[in-house]
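K.L.:
Sequence plus the predicted model coming up.
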Amino acid sequence: MARKCYVTGKNGMSGNTKSFSLHTEKRRWKSNLQKVRIIDEDGKVKRVYVSARALKSGLVKRA
């Protein structure tokens, strides 16, 4: 399963890391995902990945 936010849909970004000599290598920036138990729209308890920003802004109701 790919790590993706259940609420906002955020996932990682990819790009290059460049050294001082301009040598490039592929790298990946991971989003800050936390595995939490939430109560979804049906009232059921689920364990899903949620981004830290969604948790801080109160977009999900924790179980």
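P.N.:
The structure has been received and is ready for your questions.

K.L.:
those helices in the protein, which residues are they?
P.N.:
Secondary structure of the chain (DSSP state H): helices at 52-56.

K.L.:
most distant residue from the middle of it?
P.N.:
Ser21 (32.2 Å; Cα atoms, centre = their mean).

K.L.:
residue contacts, that one?
P.N.:
Under the criterion of Cβ atoms under 8 Å, 6 or more residues apart in numbering, Ser21 has no neighbours. Any C-beta I mention is one placed from the backbone N, CA and C, and that applies to glycine too.

K.L.:
For it, report the pLDDT, please.
P.N.:
Turning to Ser21, the model gives it a pLDDT of 97.

K.L.:
just Ala2 next, same as before
P.N.:
78.

K.L.:
From what I see, it and Asn11 are in contact.
P.N.:
Yes - counting by Cβ atoms under 8 Å, Ala2 does reach Asn11; the two are 6.6 Å apart.

K.L.:
who has more neighbours, those two?
P.N.:
When Ala2 and Asn11 are compared for neighbours, Asn11 comes out ahead with 14 against 6, by other Cβ atoms under 10 Å.

K.L.:
wait, doesn't the more buried one sit right on Ser31?
P.N.:
Yes - checked against Cβ under 8 Å, the pair Asn11 and Ser31 is within contact range at 6.0 Å.

K.L.:
Give the residues shared as contacts by these two.
P.N.:
Counting by Cβ under 8 Å, 6+ apart, the contacts common to Asn11 and Ser31 are 3, 5.

K.L.:
count of neighbours near Arg37?
P.N.:
The number of residues near Arg37, taken as other Cβ under 10 Å, comes to 12.

K.L.:
Show me where this structure has its strands.
P.N.:
Using DSSP state E, the strands of the chain run over 13-18, 24-29, 33-39, 45-51.

K.L.:
Minimum distance to Val60: which of these has it?
P.N.:
Closest to Val60 of those is strand 33-39 (Cβ to Cβ; 4.7 Å).

K.L.:
Which other helices and strands does the closest one contact?
P.N.:
Helices and strands touching strand 33-39, by 3 or more Cβ pairs under 8 Å, 6 or more residues apart in numbering; DSSP states H and E, are strand 45-51, helix 52-56.

K.L.:
Can you point out the buried residues in that strand?
P.N.:
Of the residues in strand 33-39, 33, 36, 38 count as buried by neighbour count, 16 or more other Cβ atoms under 10 Å.

K.L.:
That concludes my questions; thank you for your assistance.
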